[in-house]
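Engineer: pasting the structure only:
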């Protein structure tokens, strides 16, 4: 009997699973839910925002790993890694800064600008139920960074090395701001909220188009002063069209299929729909509204008496989250109805050939179509967060967090799947990942083999994805 138990345990370990590596905020230390998490581009910093009653933002820094010879080694450097874990102590997340000012109500979302941190300054945007978007700069003085290496307690705010200051306050939303998204270059920032609008802001930050050139020789207070002098934000557009709260937004590449711009903006709403926004001659317009139906390409065999369109909405309730896949020709949406939809971008020529009955705003526009649906992704509970793994982690791996307190990882069955009809299977289910809703899940942006989650219990957890 004992042998069977040991065998079962060993068998379970051979299956793909999530291994908890570190808990950054212990659930019993805060009564405030953790809403959103964001990594910096180089994955060296992590920010999380919390709601009432103790609304604030916490930033952690990933401290370098220590080799057996005592030398510090950046956790990102794996060029000389022999694969023997005994030769290296794993890196650890340490508290870097805490922001308790700026917002009067729940902070619902945070997003680091996709800029290098080598210049000594982090740029963070935060969105709050007070209707404001705040832009923060956080200093990384060399002296402070060195002090951080010796920290023993990541919850001791008096020993935090970072200093964060507000550099801009973006106002315009009439009520709660729910979500933020930077474009790939950090030159645009989008915000959305309860007032059913999406705002697009042009950003002039060091290292972006229109901003001054960054310098690795300028650090700390000097870099912060440069940012204050150069950092400006200008509203480019206020997008209206949704009939309910706008819950989530995400930029993606246009691939030359939508307007004249290089990027499109996706927005998901309480009205059960997704809108595609594109730029033409400097103006943003609604290029498509998704979710009312899903079309079948001509390549799919159908009964003779059927038409080329599946009737009925894709999601039957609020769409909470969006996740754009690497390459930007696919994105996913998660809904209150418990489903995850997979969407594929078709070119204008493909649309005319495969979907001749589908009409677009412009004859040159492409076509987004729902090509797959995981109808019961979280056992009937809401899908609150979804993220696509970076390309380095392999094709077609997604993570989702839900109202069932669990984290799910799906992988695409490459041998059984096609781009027009993808097939996904459950890879990992981690029940009771949090003591409450899992509000956010994010893959490590470089290796895709670890992820962060945060939930209603106030906990922030770092997980390692262990393959079979």
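Structural biologist: Now that the structure is in, tell me what you want to look at. If you're wondering where the values come from, they're calculated on a predicted model, not measured in any experiment. Residues are numbered from 1 along each chain as shown.
Engineer: show me where the stretch 51-200 of the chain has its strands.
Structural biologist: Assigned by DSSP state E, counting those that start in this stretch, the stretch 51-200 of the chain shows strands spanning 57-63, 65-67, 72-73, 88-89, 92-99, 107-112, 121-128, 133-139, 163-170, 177-182, 188-193, 197-204.
Engineer: in terms of mean pLDDT, which of these ranks lowest?
Structural biologist: The minimum mean pLDDT among those belongs to strand 88-89 (a mean of 38).
Engineer: for the stretch 251-400 of the chain, which segments count as strands?
Structural biologist: 263-269, 274-280, 283-290, 294-295, 309-310, 319-324, 330-335, 340-346, 367-374, 383-388, 397-402.
Engineer: so what are the sheet partners of the second one and their directions?
Structural biologist: The sheet places strand 274-280 alongside strand 263-269 (antiparallel), strand 283-290 (antiparallel), with pairing taken from DSSP bridges.
Engineer: from the chain's centre, how far out does it sit?
Structural biologist: Taking CA atoms, centre = their mean, to the nearest Å, the mean C-alpha location of strand 274-280 is offset from the chain mean by 19 Å.
Engineer: if we go by neighbour counts, what in it is buried?
Structural biologist: Buried residues in strand 274-280, counted by 16 or more other CB atoms under 10 Å: 274, 275, 276, 277, 278, 279. Every residue, glycine included, has its C-beta placed from N, CA and C.
Engineer: who touches it?
Structural biologist: By CB atoms under 8 Å, 6 or more residues apart in numbering, the surrounding residues in contact with strand 274-280 are 198, 239, 241-242, 254, 258-261, 263-269, 284-291, 319, 322, 333, 343, 365, 368.
Engineer: thinking again about what came up before, and the strands of the stretch 251-400 of the chain, which one averages the lowest pLDDT?
Structural biologist: Averaging pLDDT over each of the strands of the stretch 251-400 of the chain puts strand 309-310 lowest, since it has a mean of 43.
Engineer: follow-up on the earlier one: would TSV of the strands of the stretch 251-400 of the chain with distance to residue 122 be doable?
Structural biologist: What follows is these, written out as TSV (distance: least, CB to CB, whole Å):
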stretch	distance to residue 122
strand 263-269	23
strand 274-280	28
strand 283-290	28
strand 294-295	41
strand 309-310	45
strand 319-324	23
strand 330-335	27
strand 340-346	32
strand 367-374	34
strand 383-388	21
strand 397-402	25
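Engineer: of all those, which lies closest to residue 417?
Structural biologist: Taking CB to CB, strand 367-374 is the member of the strands of the stretch 251-400 of the chain nearest to residue 417, at 8.8 Å.
Engineer: adjacent strands (with direction) for the closest one?
Structural biologist: Those paired with strand 367-374 in the sheet (DSSP bridges) are strand 340-346 (antiparallel).
Engineer: so what touches the partner strand?
Structural biologist: 255, 257, 274, 290, 314-315, 328-335, 354-355, 366-374, 377, 383, 386, 398, 400, 410, 419-420, 422, 424.
Engineer: same thing with stretch 241-252?
Structural biologist: By CB under 8 Å, 6+ apart, stretch 241-252 touches 178-184, 188, 190-194, 196-198, 263-271, 273, 275, 286, 289, 318-324, 328, 331.
Engineer: what about 6 Å?
Structural biologist: Stretch 241-252 is contacted from outside by 178-179, 181, 183, 190, 192, 194, 196, 198, 263-271, 275, 286, 320-322, 324, 328, using CB atoms under 6 Å, 6 or more residues apart in numbering.
Engineer: also stretch 98-116?
Structural biologist: 35-36, 38, 40-41, 47, 49, 51-52, 55-58, 123-130, 134, 157, 164, 166, 178-180, 182, 186, 207.
Engineer: so how far is stretch 45-56 off the chain centroid?
Structural biologist: 16 Å.
Engineer: show the end-to-end separation of that stretch, please.
Structural biologist: Length of stretch 45-56, first residue to last, CA to CA, to the nearest Å: 17 Å.
Engineer: list the buried ones in it?
Structural biologist: For stretch 45-56, by 16+ other CB under 10 Å, it's 45, 46, 47, 48, 49, 50, 51, 55, 56.
Engineer: one more: stretch 255-271?
Structural biologist: For stretch 255-271, burial by neighbour count (16+ other CB under 10 Å) applies to 257-259, 261, 263-271.
Engineer: what sits up against it?
Structural biologist: 183, 190, 198, 242-252, 254, 274-280, 287, 318-319, 322, 333, 347, 365-366.
Engineer: give me the buried entries from these.
Structural biologist: Counted by 16+ other CB under 10 Å, these give 183, 190, 198, 242, 245-252, 254, 274-279, 287, 318-319, 322, 333, 347, 365-366 as buried.
Engineer: helices of the stretch 351-468 of the chain, residue ranges please.
Structural biologist: Assigned by DSSP state H, counting those that start in this stretch, the stretch 351-468 of the chain shows no helices.
Engineer: from what I can see residue 164 touches residue 96, true?
Structural biologist: No: the criterion here is CB atoms under 6 Å, and residue 164 misses it with residue 96 at 9.2 Å.
Engineer: the more surrounded of those two?
Structural biologist: residue 96 (28 against 22; other CB atoms under 10 Å).
Engineer: contacting residues for the more buried one?
Structural biologist: 59, 60, 61, 160, 162.
Engineer: quick check: it vs residue 116, distance?
Structural biologist: Applying CB to CB, to the nearest Å, the value for residue 96 to residue 116 is 17 Å.
Engineer: before we move on, the earlier item: how about JSON lines for the strands paired with strand 274-280, with distance to residue 436 added?
Structural biologist: Below are the strands paired with strand 274-280 laid out as JSON lines (distance: least, CB to CB, whole Å):
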{"stretch": "strand 263-269", "distance to residue 436": "22"}
{"stretch": "strand 283-290", "distance to residue 436": "30"}
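Engineer: okay, and for the stretch 351-468 of the chain, where does confidence drop off?
Structural biologist: Nowhere does the stretch 351-468 of the chain drop to pLDDT under 70.
Engineer: same thing but 90
Structural biologist: Scanning the stretch 351-468 of the chain with the threshold set as pLDDT under 90 gives 354-364, 379-380, 391-396, 413-421, 447-448, 467-468.
Engineer: related to what we said a few turns ago, widest-spaced pair of the buried residues of stretch 255-271?
Structural biologist: 257 and 270 (27.6 Å).
Engineer: show me the shaky parts of the stretch 1-150 of the chain.
Structural biologist: When residues are selected by pLDDT under 90, those of the stretch 1-150 of the chain lie in 1-15, 25-31, 54, 64-91, 116-121, 139-150.
Engineer: buried residues in stretch 456-468?
Structural biologist: 456, 457, 458, 459, 460, 461, 462, 463, 465.
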